[in-house]
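1. missing the sequence, but the structure's below:
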């Protein structure tokens, strides 16, 4: 049963990523940082964020590696500042709510 849930979560992320690429969102970007999921503990994450505009909310989806529990796949919401993002969502592989913070690739905030 768990393998079916893993397969469905991976498929949902693949479809979401393909759809976002097909739509060609001009302000989308990637996010890399630290994550904590209830029940899975701390880890590292990489997320696709639908907008990199400063001081805005966006949707996110990504994969995480937890130091004690292996891999995770999540969907959630992101709030972007100029160079940092905070995320909140649900990890479907670890079955828990997730919170994260990290750096955002944002050309709007380059110092030059």
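-> Cool, the structure landed. What you see is a predicted model, and the numbers here were worked out from it, not measured in a lab. Residues are numbered from 1 along each chain as shown.
2. Low-confidence stretches in this protein?
-> Where the chain drops to pLDDT under 70, the residues are 1-27, 105-112.
3. got the residue ranges for the strands in it?
-> Assigned strands in the chain, in chain order: 29-37, 41-49, 56-66, 70-80, 84-91, 96-104 (criterion: DSSP state E).
4. mind putting those in CSV, mean neighbour count included?
-> Using the backbone N, CA and C atoms, a C-beta is placed for each residue, glycine as well. Shown next, in CSV, are the strands of the chain (neighbours: other C-beta atoms under 10 Å):
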stretch, mean neighbour count
strand 29-37, 19
strand 41-49, 20
strand 56-66, 20
strand 70-80, 19
strand 84-91, 20
strand 96-104, 19
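5. Quick check: residue 104 vs residue 38, distance?
-> Using C-beta to C-beta, to the nearest Å, residue 104 is found at 24 Å from residue 38.
6. nope, residue 77 is what I was after
-> Using C-beta to C-beta, residue 77 is found at 16 Å from residue 38.
7. Residue 71 too?
-> Where residue 38 is concerned, residue 71 sits at a distance of 16 Å (C-beta to C-beta).
8. Ok, residue 58 next?
-> Applying C-beta to C-beta, the value for residue 58 to residue 38 is 23 Å.
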